[in-house]
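**Q** Generate coordinates for the sequence data below:
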Amino acid sequence: MPKNIDLEKSKNEDEMKLSLSKVKHRLKEIYLGGGQKKIDKQHQKGKMTARERISYLLDDDKPQTEIGAFAGYGMYKEYGGCPAGGVVIVIGYVRGRQCIVVANDATVKAGAWFPITGKKNLRAQEIAMENRLPIIYLVDSAGVFLPMQDEIFPDKEHFGRIFRNNAQLSSQGIPQIAAIMGSCVAGGAYLPIMSDEALIVEGTGSIFLAGPYLVKAAIGENVDKETLGGASTQSEISGVTDYKMPDDQTCLDTIKDLMDKMGHFETAGFDRIEPQAPKFDPKEIYELFPDTRTKPYNTVDILKRIVDDSKITEYKKGYGKTIICAYARIDGWAVGIVANNREVVKSAKGEMQFGGVIYSDSADKAARFIMNCNQKKIPLVFLHDVTGFMVGTRSEHGGIIKDGAKMVSAVSNSTVPKFSIVMGNSYGAGNYAMCGKAYDPRLIVAWPSAKIAVMGGTQAAKVLTQIQVASQKAKGQEVDEVAENELFEKTKAAYDEQTTPYYAAARLWVDAIIDPIDTREIISEGITAANNAPVSKFNPGVIQT
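**A** Got it, this is the predicted structure:
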């Protein structure tokens with residue numbers, strides 16, 4: 001028996017390490033942005049790349065969390081792709097002060113804004129607003145990607161919303177610093193100037209509503225870029241910018257000095273004590289987490305590799321066993337954990353319950369626990385491995401919809417910060433109840449083993465195939481078994497592709513794909529950020545005026 005157990009653990013570890021290797025390989029390509037030639041061209045102009053600027057700006061002895069590295073992954077193939085959405089976003093520290101940095105990547109289509117670029121920028125501003133984090137913009141962009149202007153320009157969640165958020169951030173007293181380190185044209189010019197302070201780099205930075213070509217076309221005036229909106233013009237004549245910098249390095253050094261002088265907000269008061277490492281090695285998660293999404297496992301064993309001292313205090317342990325609710329600490333921070341239990345369990349009534357499924361008693365327990373955490377001002381951590389709510393006659397008669405609605409309502413109205421870790425499955429309404437992206441988690445990240453969809457590929461393919469067969473029979477047609485199998489396989493393949501963590505991360509349904517052993521740090525840094533913003537019972541994370 002021990003040999004079988006060891007073999008199973010070895011298979012699990014191999015699968016997780018292989019998945020992590022794929023993540024790292026793809027990230028290595030993404031980090032090149034538009035490619036080495038474009039990077040070399042930036043350097044020839046005396047400019048750092050977006051990632052080099054962020055690396056120089058942030059404290060290297062403090063944690064850094066990149067948001068949306070996989071944004072745009074596999075998208076816009078007809079235009080040559082858009083690595084990282086053409087913008088790099090990192091939560092980190094400048095002179096010990098936690099902040100979020102947004103840097104246009106000029107190696108990707110000259111930093112032009114694709115639809116996913118806009119969505120990613122809005123996500124950065126959302127994080128800043130929810131957590132009252134200072135936000136630093138490193139601007140180097142050619143503006144809207146014109147071939148897709150109809151998908152980026154006019155709607156509520158499009159380009160213009162960014163400037164609305166600039167104004168909202170200022171009204172809430174959240175510091176914004178912008179550095180014009182390259183092109184800044186048209187509507188994009190409002191972003192740095194609606195920030196609290198703006199810097200511009202001589203020779204490479206320029207800002208104007210219309211460039212020389214458009215000025216010539218519109219009013220017939222001949223003017224060069226530097227005269228129209230270069231550093232001297234905007235710093236000494238118009239007064240649009242506040243600081244004229246000779247080069248990228250000096251510009252970034254000046255931002256450090258500005259950040260160094262900022263005052264501090266009052267905190268939310270989340271409880272933290274001296275951190276303790278887990279008693280069990282977090283790397284053992286690789287062995288414990290199954291290599292396929294259908295195998296059961298002991299979720300408590302996973303939690304003991306994440307929480308301080310491997311200690312949890314379970315709430316209603318013997319009731320609603322397919323969800324684990326527990327108090328614990330993560331890197332010293334007090335947290336309330338809501339995790340799907342993947343073991344097959346027996347209810348108090350003697351009924352067997354499938355692991356990873358939310359039953360009525362589980363939903364009731366979780367709803368009560370979430371409300372308790374709100375009452376005690378304890379941040380919530382959701383760990384997803386859920387196939388959905390229980391279905392069937394017995395569940396419907398037992399009121400599963402009503403009990404599920406209780407849990408969804410509790411998550412929706414929760415005012416303490418919420419953090420979601422998608423470990424495995426996150427299907428259907430289970431995704432909603434476990435605080436999926438639609439329910440405003442402060443951060444939501446995925447392990448390489450994550451799968452997010454309305455249902456699994458096999459289930460979806462079976463449903464759609466059954467509908468197709470029923471339709472054929474209703475028309476009096478013969479059911480072709482070969483065609484039926486082909487439809488099943490085609491549908492399953494499409495669903496399987498759309499459930500991958502890469503598909504989710506490309507569309508910013510999750511903020512990042514992470515190594516499971518980094519889960520502690522992600523949660524800790526998230527709570528550190530959230531502690532900047534007092535909890536509001538009306539609108540969590542947003543200051544009421």
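**Q** CA only for contacts and neighbour counts going forward, please
**A** Fine.
**Q** Tally up the residues packed near G35, please.
**A** For G35, the count of nearby residues is 14 (other C-alpha atoms under 10 Å).
**Q** Skipping adjacent residues, who's closest to it in space?
**A** Using C-alpha to C-alpha, 6 or more residues apart in numbering and skipping the chain neighbours, the partner closest in space to G35 is T107 (7.2 Å).
**Q** how far away is that neighbour from I30?
**A** 11 Å (C-alpha to C-alpha, to the nearest Å).
**Q** Who has more neighbours out of those two?
**A** T107 (26 against 20).
**Q** Wait, a helix at that one?
**A** No. If the criterion is DSSP: H, G, I helix; E, B strand; the rest coil, then T107 is coil and not within a helix.
**Q** Spit out the contact partners of it.
**A** 33-35, 38-39, 42, 49 (C-alpha atoms under 8 Å, 6 or more residues apart in numbering).
**Q** repeat for V510
**A** V510 neighbours (C-alpha under 8 Å, 6+ apart): 68, 437, 443-446, 504.
**Q** Recalculate using a threshold of 6 Å.
**A** 444-445 (C-alpha atoms under 6 Å, 6 or more residues apart in numbering).
**Q** and it, helix, strand or coil?
**A** Three-state call for V510 (three-state DSSP): coil.
**Q** Quick one, grab the pLDDT at it.
**A** pLDDT, V510: 98.
**Q** just the one 5 residues further on next, same as before
**A** Model confidence at D515, expressed as pLDDT, equals 98.
**Q** measure the residue nearest to it when sequence neighbours are not counted to I89 for me?
**A** Nearest in space to D515, with sequence neighbours left out and distances taken as C-alpha to C-alpha, 6+ apart, is W447 at 6.2 Å. As for W447, its distance to I89 is 20 Å (criterion: C-alpha to C-alpha).
**Q** got it, and G96?
**A** In terms of C-alpha to C-alpha, G96 sits 18 Å off from I89.
**Q** The two: who's more crowded?
**A** Between G96 and I89, I89 has the larger neighbour count (other C-alpha under 10 Å), namely 25 against 14.
**Q** The more buried one touches I67, doesn't it?
**A** Yes. Because the distance of 5.4 Å satisfies C-alpha atoms under 6 Å, I89 is recorded as touching I67.
**Q** mind listing the strands for the stretch 1-150 of the chain?
**A** Per DSSP state E, counting those that start in this stretch, the stretch 1-150 of the chain carries strands over the ranges 65-67, 87-94, 97-104, 135-141.
**Q** Name every strand pairing with the shortest one and say which way it goes.
**A** Next to strand 65-67 in the sheet, as set by DSSP bridges, lie strand 87-94 (antiparallel).
**Q** Just the C-alpha atoms of the partner strand, please, in CSV.
**A** Taking Å, rounded to 0.1, in the frame of the first residue of the first chain, the C-alpha atoms of strand 87-94 are listed here in CSV:
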residue,chain,number,x,y,z
VAL,A,87,0.9,46.9,-20.7
VAL,A,88,2.8,45.6,-17.6
ILE,A,89,1.1,46.0,-14.2
VAL,A,90,2.8,45.1,-10.9
ILE,A,91,1.9,45.5,-7.3
GLY,A,92,5.1,46.3,-5.4
TYR,A,93,6.9,48.8,-3.2
VAL,A,94,8.6,52.1,-3.9
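**Q** what sits up against that strand?
**A** Here strand 87-94 has contacts from 58-59, 64-67, 98-105, using C-alpha under 6 Å, 6+ apart.
**Q** and if we set it to 7 Å?
**A** 50-51, 57-59, 62-67, 98-105, 117, 256, 259 (C-alpha atoms under 7 Å, 6 or more residues apart in numbering).
**Q** Restricted to buried residues, select the residues you listed in PyMOL.
**A** Command for PyMOL that selects the buried part of the contacts of strand 87-94, burial taken from 16 or more other C-alpha atoms under 10 Å:
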select buried, resi 50+51+57+58+59+64+65+66+67+98+99+100+101+102+103+104+105+117+256+259
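**Q** what about the longest helix along the chain, average pLDDT?
**A** Taking DSSP state H as the criterion, the chain has its longest helix at helix 2-30. Averaging pLDDT along helix 2-30 yields 91.
**Q** so what secondary structure elements neighbour it?
**A** Packed against helix 2-30 by the contact rule (3 or more C-alpha pairs under 7 Å, 6 or more residues apart in numbering; DSSP states H and E) you find helix 285-288.
**Q** what does the helix it packs on rub up against?
**A** 9-10, 12-13, 16, 302, 305.
**Q** Can you get me the centre-to-centre distance for that helix and its chain?
**A** A distance of 24 Å separates the C-alpha centroid of helix 285-288 from that of its chain, computed with C-alpha atoms, centre = their mean, to the nearest Å.
**Q** repeat for stretch 130-139
**A** 16 Å.
**Q** can you list the residues that contact it?
**A** With C-alpha under 7 Å, 6+ apart, stretch 130-139 has contacts from 98-104, 128, 174-182, 184, 529-530, 532-533, 541-542.
**Q** Quick check: end-to-end length of that stretch?
**A** Note: stretch 130-139 ends 23 Å apart using C-alpha to C-alpha.
**Q** Report the rounded mean pLDDT for it.
**A** 97.
**Q** Quick check: which ranges of the protein have low pLDDT?
**A** 1-5, 187, 397, 537-545 (pLDDT under 70).
**Q** How about the residue in it that sits furthest from its center?
**A** Within the chain, G476 marks the point farthest from the mean C-alpha position, 49.2 Å out by C-alpha atoms, centre = their mean.
**Q** need the contact list for that residue.
**A** Contacts of G476 (C-alpha under 7 Å, 6+ apart): none.
**Q** In which helix or strand does it reside?
**A** Assigned by DSSP states H and E, G476 belongs to neither a helix nor a strand.
**Q** what's the spacing between I193 and D155?
**A** 22 Å.
**Q** buried residues in stretch 433-442?
**A** 433-437, 439-442.
**Q** Doesn't A218 lie inside a strand?
**A** No. Assessed with three-state DSSP, A218 is helix; it does not lie in a strand.
**Q** Now do it: how many residues are near it, please.
**A** By other C-alpha under 10 Å, the residues close to A218 number 10.
**Q** and the helix or strand hosting E525, what does it pack onto?
**A** Per DSSP H and E, E525 falls inside helix 519-530. Of the remaining helices and strands, none touches helix 519-530 by 3+ C-alpha pairs under 7 Å, 6+ apart.
**Q** Quick one: residues in contact with that helix.
**A** Outside helix 519-530, the residues that touch it by C-alpha under 7 Å, 6+ apart are 131, 133, 306, 330-331, 417, 419, 443.
**Q** and the angle from that helix to strand 87-94?
**A** Interaxial angle, helix 519-530 versus strand 87-94 (axes from the mean of the first three to the mean of the last three C-alpha atoms, to 10 degrees): 80 degrees.
**Q** now helix 519-530 against strand 97-104, angle please.
**A** Angle, helix 519-530 to strand 97-104, by the same axes, to 10 degrees: 100 degrees.
**Q** and helix 519-530, which residues are buried?
**A** For helix 519-530, a neighbour-count test (16+ other C-alpha under 10 Å) marks 519-530 as buried.
**Q** and that helix, C-alpha only, in PDB?
**A** Provided in PDB are the C-alpha atoms of helix 519-530 (Å, rounded to 0.1, in the frame of the first residue of the first chain):
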ATOM      1  CA  THR A 519      -0.400  31.200  -2.500                       C
ATOM      2  CA  ARG A 520       0.600  32.400   1.000                       C
ATOM      3  CA  GLU A 521       2.500  35.400  -0.300                       C
ATOM      4  CA  ILE A 522      -0.200  36.400  -2.800                       C
ATOM      5  CA  ILE A 523      -2.900  36.300   0.000                       C
ATOM      6  CA  SER A 524      -0.600  38.100   2.500                       C
ATOM      7  CA  GLU A 525       0.200  40.900   0.000                       C
ATOM      8  CA  GLY A 526      -3.400  41.200  -0.900                       C
ATOM      9  CA  ILE A 527      -4.400  41.700   2.700                       C
ATOM     10  CA  THR A 528      -1.600  44.200   3.200                       C
ATOM     11  CA  ALA A 529      -3.000  46.200   0.300                       C
ATOM     12  CA  ALA A 530      -6.600  45.800   1.600                       C
END
